[in-house]
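S.K.: I need the structure of the sequence given here:
(2 chains)
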Protein chains: 2
Amino acid sequence: MNTTAKELQLLTPGPVPVPDFVMEAISQAVMPHRTTAFEAFYSHMLERLKYLFLTEQHVCTMMGSGTYGVESAMYSLFQPADEVLVVEMGKFSERWADYGELLRLKISRLTKEWGQSPSVDEIVEAGKACMDLRGVILTHSETSTGAMIDLEEIALAVREDFPDALILVDAITSVGSMPFYMDDWDIDCTVVASQKALMNPAGLVAFAISERASNRMQAHHKADFRHLGNYLSWAARHNYPFTPPVQLLYGIDAALQYIESETLPVMWNRSHQSAQTFRRGLKKLGGRLFADMPSESLSAFSFPDQDMIALKKQLEVDHGIQISGGQGELKGKIGRISHMGMADAEVMEKVLMNIHKFI
Amino acid sequence: MNTTAKELQLLTPGPVPVPDFVMEAISQAVMPHRTTAFEAFYSHMLERLKYLFLTEQHVCTMMGSGTYGVESAMYSLFQPADEVLVVEMGKFSERWADYGELLRLKISRLTKEWGQSPSVDEIVEAGKACMDLRGVILTHSETSTGAMIDLEEIALAVREDFPDALILVDAITSVGSMPFYMDDWDIDCTVVASQKALMNPAGLVAFAISERASNRMQAHHKADFRHLGNYLSWAARHNYPFTPPVQLLYGIDAALQYIESETLPVMWNRSHQSAQTFRRGLKKLGGRLFADMPSESLSAFSFPDQDMIALKKQLEVDHGIQISGGQGELKGKIGRISHMGMADAEVMEKVLMNIHKFI
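M.R.: As a prediction, this is how the structure comes out:
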């Protein structure tokens, strides 16, 4: 089974393959974390993280999946009864709305059909329908549908009309593969996960947090592992409140060094060219994209009159290429392919060739 | 810095060094988790986990540190206003009591001086002083002081006098290095973390949960990442509710295979011999153990009239041996050394030789 996994070319929109240089970094000797050596390492890593988000504000990391990250951010930024607008446009953004209700926030849902993206006006209007809007939760790239939003325009419009609302962005499949400017777009909290454009194993979340959001955070208990305030205050002194996943931090640091040396625009462009190549080929083969405003990080696609489960299976069995299928109501109806990390245009050419054999 | 880390012999009571065979397992290719391949892998791993806990009941895993694990278990097993007894005997067990108050449980603290262990009678008495005892939280081996408790006697006595109370055990530095019988001792929930006797990087928690506790668990929201109910119900069908840390699961599985082939008694005996060797040598050198009832997993020790910070530093700088110092009120007053994983009697002989040079 592990041999099979090794032979497969993994093109799921997360997890993405972990490059050898990241795995080598992860394989370094364990370093205890209450040491000056750890603090020197972690302070450099946090500086590199600022470049990833294009921020001069606060950053920190937390053990967990992307879901952990967004949910912890919601818990840390908002209080029960806070009015929070959630743009729902797929499986993940629905999860944020559901969790908001669990936290007893007053959640307003702006619900788009799966595959559609909200306009700036729709969001501003939904915000105005609230009594006292405390926050907006946006999913930059919805991994279940492959749709993105025009985050720059939306964030700037929300800031203008609701200057005090905190803007929380699920950027799990966007940061590192799509243009993202934390400070220029005046975003308050951004969440990314290790197994996407950071090309690492799952297990770490990284956050960027604005001065505004940091000031607004309530007092927190030091044993409260969900509260970002704990991670932020420890990050300020280059350490971590609990036992950190040191091996993963090594891996993330290696990926950040790589991204720094390539530069972000080169990474963004690689994903863009990969997406463009795939989509041009898809069109030629008679396929269609599921999303109206497709993300640069993944393509959700289908072919009329083709069994997508059979296509996915053939790619895997005959060609060693692993893509994802649809989730929830899209099960069996679409395929999803990654344009993150090393999945560049050349890789897409190969996949298209193999899809062509099926069609 | 990384070179330094590689050269150091890590003997902190967690994290412990990760053996090469574990790191190799971790370095395997990424495997997506919504696949039959993952489910086949995970179902075998969960079976191996049952052996680790010596249980036929429920097991599951969760991304996080030991603190995450115990706190999530408390959140999942108890409701606000539930009366819960916490035996406080060091930094970690204090944390469980504090967190219980954050969860608005009605916490009764049985507080022992650091380094001391509670008697069975003290615990039963403290339980009887409660109106309606719903649970008892015990720390089998308190990593901050090196003290253990007589868990077998305590658990059986609690069960006899309070048949409905749930017994939650922080076994973070005990399972795998000290005798631990989940089912025979009728424990309801046991928590271990990856970076201790499982010889893995930090980042994963494993739980064993009794039928009794599983039945008592309240309804939970599917987006609630703190709720063990989510992990348990997915584990029952060999999957994980969110994105799992697959690389770490590979590593844990390799460690479990190793423990299975060595057998638990051999692992327990290795720690026991390591502890005995260290303690005999310590006594000869005029040192003393901090705990009255010392754990098999670590030794917390000091030398009268010796600067423990200087000793720790000399071991590190001159001999490449890294141990831990004291935490909280014990800072500077004790050293702590691991007997977990590969830290066997032979390793202890070497450390003692180097301590002798200092004394």
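
S.K.: show me where chain A has helices.
M.R.: Under the criterion DSSP state H, chain A contains helices at A:2-7, A:20-26, A:36-53, A:66-77, A:91-102, A:120-128, A:151-161, A:211-216, A:228-236, A:246-262, A:264-284, A:308-319, A:345-358.

S.K.: Okay, buried residues for the last one please.
M.R.: Residues of helix A:345-358 classed as buried under the neighbour-count rule (16 or more other C-beta atoms under 10 Å in any protein chain shown) are A:345, A:347-348, A:351-352, A:355, A:358. Every residue, glycine included, has its C-beta placed from N, CA and C.

S.K.: Below-threshold pLDDT in chain A: ranges please.
M.R.: A:1-7 (pLDDT under 70).

S.K.: Find the centremost residue of chain A, please.
M.R.: A:I172 (0.8 Å; C-alpha atoms, centre = their mean).

S.K.: so that one sits right up against A:V191, yeah?
M.R.: Yes: A:I172 is in contact with A:V191 according to C-beta atoms under 8 Å; the separation is 6.4 Å.

S.K.: Spell out which residues are contacts of both of these two.
M.R.: A:66, A:69-70 (C-beta atoms under 8 Å, 6 or more residues apart in numbering or on different chains).

S.K.: Against B:M178, how distant is the nearest residue to the residue nearest to the centre of chain A once chain neighbours are set aside?
M.R.: Excluding the flanking residues, the one nearest A:I172 by C-beta to C-beta, 6 or more residues apart in numbering or on different chains is A:G66, at 4.1 Å. Applying C-beta to C-beta, to the nearest Å, the value for A:G66 to B:M178 is 36 Å.

S.K.: before we move on, what about A:W268?
M.R.: Taking C-beta to C-beta, one finds A:W268 at 52 Å from B:M178.

S.K.: what do you get for A:S194?
M.R.: Distance from A:S194 to B:M178, by C-beta to C-beta: 33 Å.

S.K.: ok, these two, which is more surrounded?
M.R.: A:S194 (33 against 24; other C-beta atoms under 10 Å in any protein chain shown).

S.K.: Quick check: residues of the stretch 201-350 of chain A near chain B?
M.R.: A:201-203, A:221-226, A:242-248, A:322, A:324 (C-beta under 8 Å from any C-beta of the partner chain).

S.K.: swap the cut-off to 6 Å and go again
M.R.: Contact residues (C-beta under 6 Å from any C-beta of the partner chain) of the stretch 201-350 of chain A with chain B: A:201-203, A:221, A:223-225, A:242-243, A:245, A:247.

S.K.: Can you select the buried ones from those residues in PyMOL?
M.R.: Applied in PyMOL, the following selects the buried portion of these according to 16+ other C-beta under 10 Å:
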select buried, chain A and resi 201+202+203+223+224+225+242+243+245+247
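
S.K.: before we move on, the earlier item: kindly compare burial across the helices of chain A and name the winner.
M.R.: Mean neighbour count, computed with mean count of other C-beta atoms under 10 Å in any protein chain shown, is highest for helix A:66-77 among the helices of chain A, reaching a mean of 25.

S.K.: by contact count, what packs against that helix?
M.R.: The contact analysis (3 or more C-beta pairs under 6 Å, 6 or more residues apart in numbering or on different chains; DSSP states H and E) places helix A:66-77 against strand A:166-170, strand A:189-193.

S.K.: tell me, how many neighbours does the nearest residue to A:Q9 once chain neighbours are set aside end up with?
M.R.: By the measure of C-beta to C-beta, 6+ apart, the closest residue to A:Q9 outside its immediate chain neighbours is A:I321, 5.0 Å from it. By the measure other C-beta under 10 Å, the count of residues near A:I321 is 20.

S.K.: Could you report the separation of A:I321 from chain B?
M.R.: 12 Å (C-beta to the nearest C-beta, to the nearest Å).

S.K.: now the end-to-end length of stretch A:98-114.
M.R.: 17 Å (C-alpha to C-alpha, to the nearest Å).

S.K.: right, I mislabeled it, should have said stretch A:218-236
M.R.: OK, stretch A:218-236 end separation, C-alpha to C-alpha: 17 Å.

S.K.: Tell me how far the residue in the stretch 251-359 of chain A that chain B sits nearest to lies from A:G251.
M.R.: Proximity of the stretch 251-359 of chain A to chain B (C-beta to the nearest C-beta) peaks at A:Q322, 6.6 Å away. Distance of A:Q322 to A:G251, computed by C-beta to C-beta: 21 Å.

S.K.: what's the most distant pair in the residues of the stretch 201-350 of chain A next to chain B?
M.R.: A:P201 and A:H221 (29.9 Å; C-beta to C-beta).

S.K.: Contact partners for A:T277?
M.R.: A:345, A:348 (C-beta atoms under 6 Å, 6 or more residues apart in numbering or on different chains).

S.K.: Alongside chain B, which residues does the stretch 51-200 of chain A contribute?
M.R.: A:63-65, A:67-68, A:71, A:95, A:98-99, A:102.

S.K.: which of these lies closest to B:L298?
M.R.: Relative to B:L298, the closest of these is A:M63; by C-beta to C-beta it sits at 22.9 Å.

S.K.: For that closest one, name its beta-bridge partners.
M.R.: Here A:M63 sits in beta bridges with A:L204, going by DSSP bridges.

S.K.: ok, how many other residues are close to it?
M.R.: The burial count for A:M63: 28, using other C-beta under 10 Å.

S.K.: Roughly how far does it sit from B:M45?
M.R.: From A:M63 to B:M45 the distance is 20 Å (C-beta to C-beta).

S.K.: repeat for A:S144
M.R.: From A:S144 across to B:M45, the span is 27 Å (C-beta to C-beta).

S.K.: what's the answer for A:S233, then?
M.R.: 36 Å.

S.K.: do the same with A:C189
M.R.: To B:M45, A:C189 is 35 Å away according to C-beta to C-beta.

S.K.: what does A:Q79 give?
M.R.: For A:Q79, the distance to B:M45 equals 40 Å [C-beta to C-beta].

S.K.: same thing with A:M293?
M.R.: 41 Å.

S.K.: One more: A:G326?
M.R.: 28 Å.

S.K.: coming back round to it: could you pull up the residues touching the residue nearest to A:Q9?
M.R.: A:I321 neighbours (C-beta under 6 Å, 6+ apart): A:9, A:315, A:351.

S.K.: Would you format those as JSON lines with distance to B:I26 included?
M.R.: Compiled in JSON lines, the contacts of A:I321 are given as follows (distance: C-beta to C-beta, whole Å):
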{"residue": "A:Q9", "distance to B:I26": "21"}
{"residue": "A:L315", "distance to B:I26": "27"}
{"residue": "A:V351", "distance to B:I26": "28"}
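
S.K.: Can you tell me which of those is nearest B:G335?
M.R.: A:Q9 (49.8 Å).

S.K.: The closest one: neighbouring residues, count only.
M.R.: Count around A:Q9 with other C-beta under 10 Å applied: 17.

S.K.: For A:L49, list the residues it contacts.
M.R.: Neighbours of A:L49 in contact, by C-beta under 6 Å, 6+ apart: A:59, A:206.

S.K.: do A:P244 as well
M.R.: A:H33.

S.K.: now the one 4 residues further on
M.R.: By C-beta under 6 Å, 6+ apart, the contact list for A:L248 reads A:203-204.

S.K.: Could you measure from it over to A:E94?
M.R.: A:L248 is 28 Å from A:E94, by C-beta to C-beta.

S.K.: same deal with A:R104?
M.R.: Relative to A:E94, and taking C-beta to C-beta, A:R104 is found at 18 Å.

S.K.: about what we covered before: farthest pair in the residues of the stretch 51-200 of chain A next to chain B?
M.R.: A:M63 and A:D98 (22.7 Å).

S.K.: about what we covered before: from A:V347, how far off is the residue nearest to A:Q9?
M.R.: For A:I321 relative to A:V347 (C-beta to C-beta), the value is 9 Å.
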